[in-house]
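Colleague: give me the fold of what follows.
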Amino acid sequence: MIHSARLLACVAAVALASPVASQEGIAGRYRETANRLIAAATSDSATFARLTRLTDAFGSRFSGSESLERAIDWILGEMKKDSLENVRGEPVMVPHWVRGSESLRLLVPRPRALSMLGLGGSIATPPEGITADVIVVGSFEELRERGEDARGKIVLFDAPFTSYGQTVAYRVNGAIEAARVGAVASLIRSVTPYSQQTPHTGGMRYDSSVTRIPHAAMTVEDAMMLHRMQDRGERIRVTLTMSARTLPDVQSRNIVAELRGSELPNEVVVLGGHIDSWDVGTGAMDDAGGSVAAWEAVRLMKQLGLRPRRTVRVVLWTNEENGLRGATGYRDAHRTELDDHVLAIESDAGVFRPTGFGFGGSDSAFTIVREIARLLAPIGADTITRPGGGADIGPIMALGVPGMGLQVDGTRYFWYHHTDADTIDKLDPAEVARCVAALAVMAFIVADLPEPLPRAAR
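Modeller: Down below sits the predicted model:
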């Protein structure tokens, strides 16, 4: 059991100290319900047990893989056992990139195998690999300044982590920029602030105006070592071998289940995460944790006999990692219903200690969700900021649906992001349980309000 006497005492103290409901608006009316959901989530080990079973039994769940489809089958079966309603898989066509065998070997100035991961969508090298000298640069600007020196070489972008949004540009666009100056392949320092010789994969893209070249990530430690070698004037020569290939699209599914509304079942609050992961690790925090937390939030409502006015729909999107086909597929399949989507909530930042939500919507709706969040003070998840949303709810937010993203302590997220180290042992059961509580309280109350959240003018 994940029982925290201290937490439950705090919940009880807040409830006892509260003025009568009529004097406290939304927070007052829903305090007892919120406290029940928080208590149930934080005193039950079911979420972590389910998350552990999912990641242990099926491992990585990359788009196009058998393991993803088997995991989807299992989840659909478990949701039916939970007596959730309208449980179904909604078909989506997804890309199918296969990593194959790969290696990176330092030849000069000394022989050494270097840990690496090909980046998702990369082409292969010739079967014998690419053997070439390496030029190390710290930025796109430096590459352009040294463009003549890069021709015929492998470019290594040794860009230190500043923020994910800034540094990921080298992963996404590195092959394009390296090809522009005539490089034969490109490497990046893994996009992470902390490393223990762990390479990080992730998506990349090509541009039809330049030649496609292989693109891979190496560890922070090895990238820094090669940079030091270059600074000393030493020649650097490596062999990069990759057998990656892109196969025809295959069918996958978004997972959908509901707790139907008691009065306004056609109005919907959506919450969820993405069930696919990269092909390394087990995707425990990215994003099996967010998916299971959203699923368990709805299961808890059902277990406690709480049925809101509107429908609460859990959606576990497929193919977030390398295509967003699940997100756009959901938008297209439900386009005629989006005017009745009251709110979409996404959890895709890891299931670490929750701090609140980021919100994207009207000012009046922002005021309402801030009041609801007061009920999450006992678990420290009561901060609401702007903006907010997420990759999978982005397509429906663009059509006017208000959106929220669960915010957590992100200190360690990018340590493990897209690596073999994204495994269940990195997560704390108590923190996961608090994420369930935060999602359950916010989703239930928004779904039960007498009036839907007001939308921003378009």
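Colleague: what's the neighbour count on the nearest residue to residue 241 once chain neighbours are set aside?
Modeller: Counting by CB to CB, 6 or more residues apart in numbering, residue 241 lies nearest to residue 129, which is 3.5 Å off, once chain neighbours are set aside. For glycine as for every other residue, the C-beta is placed from the backbone atoms N, C-alpha and C. Around residue 129 there are 20 other residues, counting by other CB atoms under 10 Å.
Colleague: tell me the spacing between residue 129 and residue 368.
Modeller: Note on residue 129: its distance to residue 368, by CB to CB, to the nearest Å, is 58 Å.
Colleague: repeat for residue 383
Modeller: 15 Å.
Colleague: neighbour count winner among these two?
Modeller: residue 368 (22 against 15).
Colleague: so which helix or strand takes in the more buried one?
Modeller: Here residue 368, judged by DSSP states H and E, is contained in helix 363-373.
Colleague: please save the CA atoms from that helix in PDB.
Modeller: C-alpha atoms of helix 363-373 as PDB (Å, rounded to 0.1, in the frame of the first residue of the first chain):
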ATOM      1  CA  ASP A 363      -9.200  34.000 -19.100                       C
ATOM      2  CA  SER A 364     -12.500  33.100 -17.500                       C
ATOM      3  CA  ALA A 365     -11.800  29.400 -17.800                       C
ATOM      4  CA  PHE A 366      -8.300  30.000 -16.400                       C
ATOM      5  CA  THR A 367     -10.000  31.500 -13.300                       C
ATOM      6  CA  ILE A 368     -12.200  28.500 -12.900                       C
ATOM      7  CA  VAL A 369      -9.400  25.900 -13.100                       C
ATOM      8  CA  ARG A 370      -7.300  27.900 -10.700                       C
ATOM      9  CA  GLU A 371     -10.100  27.600  -8.200                       C
ATOM     10  CA  ILE A 372     -10.400  23.900  -8.800                       C
ATOM     11  CA  ALA A 373      -6.600  23.600  -8.300                       C
END
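Colleague: name the helices or strands packed onto the strand or helix carrying residue 39?
Modeller: In this assignment (DSSP H and E), residue 39 forms part of helix 25-42. Under the contact definition 3 or more CB pairs under 8 Å, 6 or more residues apart in numbering; DSSP states H and E, helix 25-42 sits against helix 5-17, helix 289-303, helix 363-373, helix 429-448.
Colleague: and the last one, C-alpha only, in PDB?
Modeller: The reference is to helix 429-448. What follows is helix 429-448, C-alpha atoms only, in PDB (Å, rounded to 0.1, in the frame of the first residue of the first chain):
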ATOM      1  CA  PRO A 429       5.100   5.000  -6.300                       C
ATOM      2  CA  ALA A 430       4.000   7.800  -4.100                       C
ATOM      3  CA  GLU A 431       4.700  10.400  -6.800                       C
ATOM      4  CA  VAL A 432       2.900   8.400  -9.400                       C
ATOM      5  CA  ALA A 433      -0.100   8.100  -7.000                       C
ATOM      6  CA  ARG A 434      -0.200  11.900  -6.600                       C
ATOM      7  CA  CYS A 435      -0.300  12.300 -10.400                       C
ATOM      8  CA  VAL A 436      -3.300  10.100 -10.500                       C
ATOM      9  CA  ALA A 437      -5.000  12.200  -7.800                       C
ATOM     10  CA  ALA A 438      -4.300  15.500  -9.600                       C
ATOM     11  CA  LEU A 439      -5.600  14.200 -12.900                       C
ATOM     12  CA  ALA A 440      -8.700  12.600 -11.200                       C
ATOM     13  CA  VAL A 441      -9.700  15.800  -9.300                       C
ATOM     14  CA  MET A 442      -9.300  18.100 -12.200                       C
ATOM     15  CA  ALA A 443     -11.000  15.900 -14.700                       C
ATOM     16  CA  PHE A 444     -13.900  15.000 -12.500                       C
ATOM     17  CA  ILE A 445     -14.700  18.500 -11.300                       C
ATOM     18  CA  VAL A 446     -14.500  20.100 -14.800                       C
ATOM     19  CA  ALA A 447     -16.800  17.300 -16.100                       C
ATOM     20  CA  ASP A 448     -19.300  17.900 -13.300                       C
END
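Colleague: check what contacts the helix or strand containing residue 228 and list those residues.
Modeller: Using DSSP H and E, residue 228 falls within helix 220-231. Helix 220-231 is touched from outside by 106, 109, 114-115, 134-136, 138, 156, 158, 187-190, 192, 195, 197, 236, with contacts defined as CB atoms under 8 Å, 6 or more residues apart in numbering.
Colleague: in ChimeraX, select just the buried ones from the residues you listed.
Modeller: Selecting only the buried entries of the contacts of helix 220-231 in ChimeraX, with 16 or more other CB atoms under 10 Å as the criterion:
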select :106,114,115,134,135,136,156,158,187,188,189,190,192,195,236
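Colleague: from the contacts of helix 220-231, which ones fall inside strands?
Modeller: Counted as lying in strands by DSSP state E, out of the contacts of helix 220-231, are 106, 114, 134, 135, 136, 156, 187, 188, 189.
Colleague: pLDDT wise, what is the fourth one at?
Modeller: Confidence at residue 135, expressed as pLDDT, is 98.
Colleague: check contacts around it.
Modeller: Residues near residue 135 by CB under 8 Å, 6+ apart: 146, 149, 150, 153, 154, 155, 156, 183, 230.
Colleague: do the last one as well
Modeller: Listed by CB under 8 Å, 6+ apart, the contact set of residue 189 reads 156, 157, 158, 159, 160, 170, 217, 218, 219, 220, 223, 224.
Colleague: grab the nearest non-local neighbour of it.
Modeller: residue 223 (3.6 Å).
Colleague: count of neighbours near the one you found?
Modeller: 24.
Colleague: any chance of the ones in strands among the contacts of helix 220-231 in a markdown table with distance to residue 90 as columns?
Modeller: Output for the ones in strands among the contacts of helix 220-231, formatted as a markdown table (distance: CB to CB, whole Å):
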| residue | distance to residue 90 |
| --- | --- |
| 106 | 47 |
| 114 | 42 |
| 134 | 46 |
| 135 | 47 |
| 136 | 46 |
| 156 | 42 |
| 187 | 38 |
| 188 | 35 |
| 189 | 39 |
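Colleague: re earlier: and the contacts of residue 135, which two are furthest apart?
Modeller: Pairwise distances across the contacts of residue 135 (CB to CB) peak at 15.1 Å, for the pair 183 and 230.
Colleague: more neighbours, the two?
Modeller: Taking neighbours as other CB under 10 Å, residue 183 and residue 230 compare with residue 183 leading, 26 against 17.
Colleague: how would you label the more buried one: helix, strand or coil?
Modeller: coil (DSSP: H, G, I helix; E, B strand; the rest coil).
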